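Participant: Here is my input, please return the structure:
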Amino acid sequence: MQNNSTGKMTNYRWVICGMLFLATTINYMDRQVLSLTWKDFIAPEFHWTDADYGRIAAIFSIVYAIGNLFSGRFMDWIGTKKGYLWAIGIWSLGACMHAFCGWATVEWLGLEGKEDLISAVGTSTAVIASVSAWFFIISRIVLGLGESGNFPCAIKVTAEYFPKKDRAFPTSIFNSGSTIGALVAPICIPLIAKFYGWEMAFIIIGALGFVWLGAWIFIYKKPEECAAVNKAELAYIQQDEEITEEEVKDEKSIPFAKFLTFPQTWGIFFAKLITDGVWWFFLFWTPAYISDVYGLKTDNPTAMLLIFVLYAITMLSIYGGKLPTIIVNKTGQHPYDARLKAMFIFTLFPLLTLFAQPLGAYSYWFPIILIGLAGAAHQSWSANLFSVGSDLFPKKAVGTMTGINGMAGGISSFLINWISGYLFDYADKTQMQFLGFEGKPAGYFIIFCYCAVAYLLGWMVLKAFVPKYKAVQG
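Facilitator: I've put the predicted structure just below:
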């Protein structure tokens, strides 16, 4: 047990928050490597179509979804320290595995080298595309299983180190790691791929996880066991409830089947299912959108600047995590009511994406700015939706609930990636028309229309299932 004297309150909880931020940053950099290299570096080598990439991204997403379901339960069982070690170790291995997919394809097909892949013609290109895609899918499966542990573990750590009224803010901070990862990735990954090969991009970024893993071993302990947390900070962390050691020992996990009987579970699940695909679409398809619609390859300085600005705008989401606390302090409302009020505000900004494609006819900066604002709103929404789970469920069940939440997000990503890949190929082949747009731009506009209204739908569903605060009793 920690034995620091009371004195001035320590702030070790923010050190832990910083570690969660770094883990999430690495998490998103690892998953971004493929989206930033496939169109201009990998597809020409393996003859991929949009449908091939969409299938790879979709399978990653469904594995991520299933992994979230089990990883949440796993984190509740094994604890946050060991759980994070397992998660980041597995996903870093999976990230590095991508680098060997080209070699595996050559060996599997009995070719002499990469030149045979690139120079292939006719039906052999379809064979190369299929075989290489499956090797990437295997790597994405390992990556997805590991990455599925990040958010259940991070939310559980946040519930351990922060009181309820503050949780959305640290959640928005570590969740902004996804934005920082997406911000840094387009600057460095295309350049690594251009000068050292796309394989090195996977290896270098994947190795960062192993560095973080070493630091976590020494930095993390539960607050009541951490010498860096004094009594004043511990009291602040535990202000919502007084817990005796006997109560901690007696606290039991909620059986998984029982989660399915709670309206709180379904409210969170469907709100996530409806909205999370929007962020994943922006994450996985924006580089391709810039290339398809504006002819700017990912290693083009203008394309790199566009993606950088987009994710720089999404950094506004940090303030979104603070908004519920501001509402609570000013109005005295319950944290849940304040959170729903803040989340409704966030649903309005994605409506701007309705204008992204039309205004893009004048300048590619318009869609980038509007998508950035929608992305910032999503991250604010997502941070608060994660916090809803820790508001409504006891700490012992937070990992499981966050896993269910993440599973919904993975299913949402699976659907939007799968549909987008086939939609864009279909739109290109048939020169489909939609509201004044033709070909691939028409396909993108269809997806943008869904992105615009998804959050209003998600908010209404959450409000319908859990109109007022009602904590789950195990």
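
Participant: do you know how far Ala303 is from Leu109?
Facilitator: Separation of Ala303 from Leu109 (C-beta to C-beta, to the nearest Å) stands at 32 Å. C-beta here means a position set from N, CA and C on the backbone, and glycine is covered the same way.

Participant: ok, the two, which is more surrounded?
Facilitator: Ala303 (23 against 15; other C-beta atoms under 10 Å).

Participant: list the buried ones in the helix or strand hosting that one?
Facilitator: Per DSSP states H and E, Ala303 falls inside helix 301-313. By neighbour count on 16 or more other C-beta atoms under 10 Å, the buried set for helix 301-313 is 303-304, 306-308, 310-311, 313.

Participant: what's that helix packed up against?
Facilitator: Judged by 3 or more C-beta pairs under 8 Å, 6 or more residues apart in numbering; DSSP states H and E, the packing partners of helix 301-313 are helix 168-196, helix 263-294, helix 365-392.

Participant: Okay, now the unreliable bits of the stretch 1-150 of the chain?
Facilitator: For the stretch 1-150 of the chain, the stretches flagged by pLDDT under 70 are 1-7.

Participant: what's the pLDDT at Phe174?
Facilitator: You'll see Phe174 listed with a pLDDT of 85.

Participant: An error on my part: the question was meant for Phe393.
Facilitator: 83.

Participant: for Gln433, same thing?
Facilitator: At Gln433, the pLDDT value in this model is 91.

Participant: phi, psi of it?
Facilitator: The phi/psi pair for Gln433 (degrees, to the nearest 10) reads phi -110, psi 140.

Participant: next one: Lys221
Facilitator: The phi/psi pair for Lys221 (degrees, to the nearest 10) is phi -150, psi 160.

Participant: Number the chain from 41, please
Facilitator: With the count now opening at 41, the last piece we talked about shows up as Lys261.

Participant: Please verify my assumption that it contacts Thr120.
Facilitator: No. Using C-beta atoms under 8 Å, Lys261 is not in contact with Thr120; the gap is 9.9 Å.

Participant: okay, those two: which has more neighbours?
Facilitator: Comparing Lys261 with Thr120 by neighbour count (other C-beta under 10 Å), the higher total belongs to Thr120, at 25 against 16.

Participant: Now do the strands in this structure.
Facilitator: For the chain, the strands defined by DSSP state E occupy 473-474, 477-478.

Participant: outside of the last one, which residues touch it?
Facilitator: Just to be clear, that refers to strand 477-478. 397, 471-472, 484-485 (C-beta atoms under 8 Å, 6 or more residues apart in numbering).

Participant: quick one: which of those is nearest Phe426?
Facilitator: Distance to Phe426, by C-beta to C-beta, is smallest for Tyr484 among those, at 28.7 Å.

Participant: got the contact list for that closest one?
Facilitator: Listed by C-beta under 8 Å, 6+ apart, the contact set of Tyr484 reads 329, 332-333, 397, 464, 477.

Participant: For the helix holding Ala343, what is the distance to the chain centroid?
Facilitator: Its chain's C-alpha centre and that of helix 341-353 lie 19 Å apart, by C-alpha atoms, centre = their mean, to the nearest Å.

Participant: Could you tell me the angle between it and helix 303-334?
Facilitator: Calculated by axes from the mean of the first three to the mean of the last three C-alpha atoms, to 10 degrees, helix 341-353 forms an angle of 160 degrees with helix 303-334.

Participant: which of the contacts of strand 477-478 sit farthest apart?
Facilitator: Maximum pairwise distance among the contacts of strand 477-478 (C-beta to C-beta): 16.2 Å, between Gln397 and Gln471.

Participant: These two: which has the busier surroundings?
Facilitator: Shown here are Gln397 and Gln471; by other C-beta under 10 Å, Gln397 has more neighbours (25 against 10).

Participant: Tell me, how many residues neighbour the closest residue to that one other than its chain neighbours?
Facilitator: Excluding its sequence neighbours, the residue lying closest to Gln397 (C-beta to C-beta, 6 or more residues apart in numbering) is Phe485, at 4.3 Å. The tally of other residues near Phe485 (other C-beta under 10 Å) stands at 20.

Participant: Please apply the same query to Glu155.
Facilitator: 11.

Participant: for the stretch 141-290 of the chain, what spans make up the helices?
Facilitator: For the stretch 141-290 of the chain, the helices defined by DSSP state H, counting those that start in this stretch cover 141-149, 154-159, 163-187, 190-201, 208-236, 238-259, 271-277, 285-290.

Participant: Need the winner for burial among those.
Facilitator: helix 190-201 (a mean of 28; mean count of other C-beta atoms under 10 Å).

Participant: hmm, back to that, which residues sit against the helix holding Ala343?
Facilitator: 219-220, 222-223, 226-227, 230, 322, 326-327, 330-331, 336-338, 404-405, 408-409, 411-413, 415-416.

Participant: Buried ones from the residues you listed, can you make that a ChimeraX selection?
Facilitator: Typed into ChimeraX, the line below selects the buried ones among the contacts of helix 341-353, using 16+ other C-beta under 10 Å:
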select :219,220,222,223,226,230,322,326,327,330,331,336,337,338,404,408,409,411,412,413,415,416
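
Participant: hang on, the earlier thing: using pLDDT, spot the least trustworthy of the buried residues of helix 341-353.
Facilitator: Of all the buried residues of helix 341-353, Tyr351 carries the smallest pLDDT score, 82.

Participant: so what's that one closest to, chain neighbours aside?
Facilitator: Leu223 (3.9 Å).

Participant: re the thing from before, pull the contacting residues for the residue nearest to Gln397.
Facilitator: 397, 474-475, 477.

Participant: chain center to stretch 440-459, what's the gap?
Facilitator: 10 Å.

Participant: nope, stretch 226-236 is what I was after
Facilitator: That offset, for stretch 226-236, works out to 22 Å (C-alpha atoms, centre = their mean).

Participant: got the contact list for it?
Facilitator: Contacts for stretch 226-236 (C-beta under 8 Å, 6+ apart): 69, 72-73, 76-77, 80-81, 240-241, 244-245, 327, 338-339, 343-344, 347-348, 351.

Participant: One more: stretch 364-383?
Facilitator: 204-206, 208-209, 360, 363, 420-421, 424-425, 427-428, 431-432, 499, 502-503, 506, 508-509.

Participant: Swap in 10 Å and give it another go.
Facilitator: Stretch 364-383 is contacted from outside by 203-209, 212, 280, 311, 359-363, 385, 417, 420-425, 427-428, 431-432, 495, 498-499, 502-503, 506-511, using C-beta atoms under 10 Å, 6 or more residues apart in numbering.
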